[in-house]
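>>> Give me coordinates for this.
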Amino acid sequence: QVQLVESGGGLVQAGASLKLSCAVSGHTLSTYTMAWFRQAPGKLREFIGSINWSTSDTIYADFAKGRLAISRDTAEHTVLLEMINLKPADTAVYYCAARRAVLWDYWGQGTQVTVSD
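Numbers count the residues shown, from 1 in each chain. As a prediction, the model looks like this:
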């Protein structure tokens, strides 16, 4: 069992930067891939990007490339999402997720990010 707890969300102005953190506990993570998703009001949850815990290899959705970056801190057991030049369209609940195979088995409770213009 893996537990995920996101933090770092809040209200920011357009153009600001923000770093979200996902604290991971409960299992050896070497075989896991971690990811960030987001869900805007009235929209489906969308994939932002993922990181392989062992290799730190990353994959990003097209919209995320260049503005959003995922990293992991193996010592602190955290996964980070750094966002720059935030836009009102980035307003959403941001979720951390984990998987070992195909399905994202574990999810955090989410953290709200609101970008005002």
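>>> does the residue nearest to the spatial centre of the chain sit in a helix or strand, and which one?
By CA atoms, centre = their mean, the chain has its centre lying nearest to W36, at 2.8 Å. When elements are assigned from DSSP states H and E, W36 belongs to strand 33-39.
>>> Please verify my assumption that the residue nearest to the centre of the chain contacts A98.
No: taking CB atoms under 8 Å as the definition, W36 is not a contact partner of A98, at 10.9 Å. C-beta coordinates here come from the backbone N, C-alpha and C atoms, glycine included.
>>> what's the next secondary structure element after the strand holding W36?
Scanning the chain past strand 33-39 towards its C-terminal end, the next helix or strand to appear is strand 46-52 (assignment: DSSP H and E).
>>> Now do D117: how many residues are near it, please.
Neighbourhood size, D117 [other CB atoms under 10 Å]: 9.
>>> Which residues are in contact with the residue nearest to the centre of the chain?
20, 22, 48-50, 68, 70, 79, 81, 94-97 (CB atoms under 8 Å, 6 or more residues apart in numbering).
>>> Going by distance to S56, which of the residues you listed wins?
Within these, proximity to S56 (CB to CB) peaks at I70, which comes in at 9.2 Å.
>>> For that closest one, list each beta-bridge partner.
Taking DSSP bridges, one finds L81 as the beta-bridge partners of I70.
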